[in-house]
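Q: Sequence first, then the predicted structure:
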Amino acid sequence: METITIIGIVASVLTGMAQIPQLIKLAKEKNADDLSIGMYLLLIAGLGTWLWYSLMKEDWVLFASNAFSIAINILLIILIIKYKNK
């Protein structure tokens with residue numbers, strides 16, 4: 001495997017995992033008062049554009065990491081809606 005591919009995979013994994021600490025904190029505390037749905041919607045729009053790009057380039061590492069990130073951020077939005085102002 002080429003070094004550039006390994007770097008891409010590591011970057012994708014780290015980027016995909018970036019929101020997991022926020023997801024865990026939100027699930028534990030059940031308080032979303034300080035979180036912005038708008039920010040997550042914009043992030044999903046950007047990730048969706050990367051997903052589209054990765055499909056066009058047939059870059060499956062990029063596709064998988066962005067699909068995973070979208071799933072995590074959708075889960076965050078669901079929890080934000082559930083726990084906002086409770």
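A: Looks like it arrived, so ask away.

Q: so how far is Asn85 from the spatially most central residue of the chain?
A: Nearest to the geometric centre of the chain sits Ser69, at 2.6 Å (CA atoms, centre = their mean). Separation of Ser69 from Asn85 (CB to CB, to the nearest Å): 27 Å. For every residue, glycine as well, the C-beta is placed using N, CA and C.

Q: what do you get for Asn66?
A: Counting by CB to CB, the gap from Asn66 to Asn85 is 31 Å.

Q: These two - which one has more neighbours?
A: The residue with more neighbours, out of Asn66 and Asn85, is Asn66; 24 against 6, by other CB atoms under 10 Å.

Q: mind listing what's buried in the one helix or strand that one maps to?
A: Under the criterion of DSSP states H and E, Asn66 resides in helix 60-83. For helix 60-83, burial by neighbour count (16 or more other CB atoms under 10 Å) applies to 62-70, 72-73, 76-77, 79-80, 83.

Q: Which pair in those residues has the greatest spatial separation?
A: Farthest apart among these by CB to CB are Leu62 and Tyr83. That separation is 31.6 Å.

Q: Give me the below-cutoff pLDDT ranges for this protein.
A: Along the chain, the model assigns pLDDT under 70 to residues 86.

Q: The same query, at a cut-off of 80, please.
A: 85-86 (pLDDT under 80).

Q: Surely Gly16 touches Ile72?
A: Yes - the pair Gly16 and Ile72 passes the contact test of CB atoms under 8 Å, sitting 7.1 Å apart.

Q: what's stretch 75-86 in contact with?
A: 19, 22-23, 26-27, 30-33, 35, 37, 40-41, 44 (CB atoms under 8 Å, 6 or more residues apart in numbering).
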